[in-house]
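**Q** give the three-dimensional model of this entry:
(2 chains)
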2 protein chains.
Amino acid sequence: MHILITGAAGMIGRKLTARLVNDGVLSSTPIDRLTLVDVSVPPRPRDFPGRVETVGTDIADLAAVRATIAGRPDVIFHLAAVVSGEAELDFEKGMRVNFDGSRVLLDALRALGEGYRPRLVFTSSIAVFGAPFPDAIPDDFHLTPLTSYGTQKAMIELLLADYTRRGFVDGVGIRLPSIVVRPGRPNQAASGFFSSIIREPLVGEEAVLPVEESVVHWHASPRTAVGFLVHAAGLDSSRLGPRVNLTMPGVCCSVAEQLAALRRIGGDTVVARIRRAPDPLVARIVAGWPSRFDAHRALRLGFKPDASFDDIIRVHIEDELQGKIAS
Amino acid sequence: MHILITGAAGMIGRKLTARLVNDGVLSSTPIDRLTLVDVSVPPRPRDFPGRVETVGTDIADLAAVRATIAGRPDVIFHLAAVVSGEAELDFEKGMRVNFDGSRVLLDALRALGEGYRPRLVFTSSIAVFGAPFPDAIPDDFHLTPLTSYGTQKAMIELLLADYTRRGFVDGVGIRLPSIVVRPGRPNQAASGFFSSIIREPLVGEEAVLPVEESVVHWHASPRTAVGFLVHAAGLDSSRLGPRVNLTMPGVCCSVAEQLAALRRIGGDTVVARIRRAPDPLVARIVAGWPSRFDAHRALRLGFKPDASFDDIIRVHIEDELQGKIAS
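**A** Next comes the predicted model:
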């Protein structure tokens, strides 16, 4: 099986690559070829016995994308995107990468024709939803994004469904929860604190909590997000029907519940490294985000969420900290 | 006030032009300039004392669209589109006209800048919804189009909302019901019979009914559709909020109720001109269409539906038949 990953140099892209290399199979079929694409050349995986191409290209460049897919990959994970904050600050860049880039990929796949119809797994986002919300957002809630990022993702969801209906690709869109704990350094994203308040205290550093502990959000660990992608790749289209875009199940919890989980795992010393510094701007942004979903369609289709926020923290400690906590 | 209409040569475009010329004002402001655009040069209205430009252009041609809007119209009615059947048969044409054409217009307006932010009324469609449906489709039901036409309209709804949120335009999208009675000759649209079974018998001709009388649909007269457009042009954005796309209120009735209305108005002789000829293909297509909406948002915002299907027939007799029925 030949697998293509766009956005392969990103956090999820690298973890997905590592998972596929480690598994050696996808949906029980051996993987013999990987094509890894990103705006800068992605790292080449070690210990993969098959053929690997790593490509640095602009995803909105039609000629480059055509060359990249000429090998007719069986499964494509389309992760490439600029993040929410950047798409909001630079409207044209967001449209070019998130929308035009995806459309170029879809059109290049369509142009190959001759019965070629790869499974295309697209990472969408819960940012396709915008307040006001019901208590739990049902699978049939309308898409009313309040960011350009969410708008671009929602437009590609529509296109993915139509390209799938017409038989140009075999698409599945998955709306990822907020990914915590993100490894690496703190970033400027308004959602950054959800990871920061876990990640920094666990390595002995201070973290800032800019919102009330009553704030509720929808989370998945990076490992679980990669699990969603792998499960989506093997999903039977006949079980999916025409509504190919799915809200993924997450762990719904308040910041207070996050902190309680951190205390259970790391103790009082770790939690004491969190400093309260209310930031009205962050609080206002976060208030516009969806916090709770009724993701019964995805659950019925076999997508497996993290069991608890405790598990999300444990995944981070296992995958990023070699099992060690700074006491 | 300067008003631009794209798709001005179409059925709704011509009726909207006639209404504006007749009123002489829009939202109490005198109209002194009209720019009428379509793929072929639209007819020039008689009896309009102001300035009129008629332009034949491809709506997806950026340079042509830029030239057309250089006069900075205050209100734009964006009606230009290829219809559902054509967008389904010719995917690339549908994407180019319905999606790219609308995006080109939005981008050209954005590029004018300097505080220019015209009211842009976009005609969307109930084709943004796809089966299965609840009994009455609420305003917050998700968009799951089952045609390329519906997909293209839904994508522009999303873009319109984002361009409005960012202050590039002041958009309102209105999802029109099926328009009956369409004047003119029978066409190949699957929905054509809804008009045909009223229009042909009223002028002494035979019409074919391809579905069961139990089929239920959502209708508006051309006059009422024009009324929706005019009302949308004057709508206060602060009452609209970020959800700028609205399902218009229609008359929900079965074919049996349509026929009963025709009998009340035209008598048995007229209804006897309808021949039953069940067509399983048409029946199947129609079964996938939405039939009943809870359009309370639009009603609260002052949009006025036809009062009954009897009224829809009377509008047709007044506007198209000079009040006369073939007995």
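**Q** what ranges in the stretch 101-250 of chain A fall below the confidence cut-off?
**A** Scanning the stretch 101-250 of chain A for pLDDT under 70 picks out no residues.
**Q** strands of that one, residue ranges please.
**A** Listed in chain order, the strands of the stretch 101-250 of chain A (DSSP state E, counting those that start in this stretch) span A:119-125, A:170-176, A:178-179, A:207-209, A:216-220, A:245-247.
**Q** check contacts around the nearest residue to A:Ala131 once chain neighbours are set aside.
**A** Excluding the flanking residues, the one nearest A:Ala131 by Cβ to Cβ, 6 or more residues apart in numbering or on different chains is A:Gly288, at 4.8 Å. For every residue, glycine as well, the C-beta is placed using N, CA and C. Listed by Cβ atoms under 8 Å, 6 or more residues apart in numbering or on different chains, the contact partners of A:Gly288 are A:130-131, A:146.
**Q** drop anything exposed from those.
**A** Buried by 16 or more other Cβ atoms under 10 Å in any protein chain shown: A:130, A:146, out of the contacts of A:Gly288.
**Q** could the contacts of A:Gly288 go into a markdown table alongside distance to B:His219?
**A** A markdown table is the format used below for the contacts of A:Gly288 (distance: Cβ to Cβ, whole Å):
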| residue | distance to B:His219 |
| --- | --- |
| A:Gly130 | 31 |
| A:Ala131 | 34 |
| A:Leu146 | 33 |
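**Q** what parts of the stretch 151-300 of chain A come near chain B?
**A** Taking Cβ under 8 Å from any Cβ of the partner chain, the part of the stretch 151-300 of chain A that reaches chain B is made up of A:151, A:154-155, A:158-159, A:161-162, A:165-166, A:242-243.
**Q** widest-spaced pair of the residues you listed?
**A** Farthest pair in these (Cβ to Cβ) is A:Thr151 and A:Arg166. Separation: 23.0 Å.
**Q** neighbour count for these two, which is higher?
**A** More crowded of A:Thr151 and A:Arg166, by other Cβ atoms under 10 Å in any protein chain shown: A:Thr151, with 30 against 13.
**Q** that one contacts B:Leu159, doesn't it?
**A** Yes. Shown here, A:Thr151 and B:Leu159 form a contact pair, counting by Cβ atoms under 8 Å, at 6.8 Å.
**Q** can you select the buried ones among the residues of the stretch 151-300 of chain A next to chain B for me in ChimeraX?
**A** Burial among these is assessed by 16+ other Cβ under 10 Å; the matching ChimeraX selection reads:
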select /A:151,154,155,158,159,161,162,165,242,243
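**Q** how about the residues of the stretch 151-300 of chain A next to chain B in a markdown table, adding distance to A:Asp311?
**A** Compiled in a markdown table, these are given as follows (distance: Cβ to Cβ, whole Å):
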| residue | distance to A:Asp311 |
| --- | --- |
| A:Thr151 | 33 |
| A:Ala154 | 30 |
| A:Met155 | 34 |
| A:Leu158 | 34 |
| A:Leu159 | 35 |
| A:Ala161 | 32 |
| A:Asp162 | 37 |
| A:Arg165 | 37 |
| A:Arg166 | 40 |
| A:Pro242 | 34 |
| A:Arg243 | 29 |
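**Q** in a markdown table, list the strands of the stretch 101-250 of chain A along with mean neighbour count.
**A** Shown next, in a markdown table, are the strands of the stretch 101-250 of chain A (neighbours: other Cβ atoms under 10 Å in any protein chain shown):
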| stretch | mean neighbour count |
| --- | --- |
| strand A:119-125 | 25 |
| strand A:170-176 | 24 |
| strand A:178-179 | 22 |
| strand A:207-209 | 19 |
| strand A:216-220 | 21 |
| strand A:245-247 | 25 |
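**Q** okay if I get those strands as JSON lines plus distance to B:Val208?
**A** Formatted as JSON lines, those follow (distance: least, Cβ to Cβ, whole Å):
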{"stretch": "strand A:119-125", "distance to B:Val208": "42"}
{"stretch": "strand A:170-176", "distance to B:Val208": "38"}
{"stretch": "strand A:178-179", "distance to B:Val208": "55"}
{"stretch": "strand A:207-209", "distance to B:Val208": "69"}
{"stretch": "strand A:216-220", "distance to B:Val208": "53"}
{"stretch": "strand A:245-247", "distance to B:Val208": "39"}
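**Q** for A:Ala233, which of these is the nearest?
**A** By Cβ to Cβ (comparing all of the strands of the stretch 101-250 of chain A), the closest turns out to be strand A:119-125, at 5.5 Å.
**Q** and the closest one, what does it pack onto?
**A** Here strand A:119-125 touches strand A:75-78, helix A:101-112, helix A:148-165, strand A:170-176, helix A:222-233, going by 3 or more Cβ pairs under 8 Å, 6 or more residues apart in numbering or on different chains; DSSP states H and E.
**Q** count the residues that sit near A:His296.
**A** The number of residues near A:His296, taken as other Cβ under 10 Å, comes to 12.
**Q** surely it touches A:Asp139?
**A** Yes. Applying Cβ under 8 Å, one finds A:His296 in contact with A:Asp139, separated by 6.7 Å.
**Q** and the closest residue to A:Pro305 other than its chain neighbours, what is it in contact with?
**A** In space, and not counting its chain neighbours, A:Pro305 is closest to A:Pro249: 3.9 Å by Cβ to Cβ, 6+ apart. Counting by Cβ under 8 Å, 6+ apart, A:Pro249 touches A:293, A:295, A:298-299, A:303-305.
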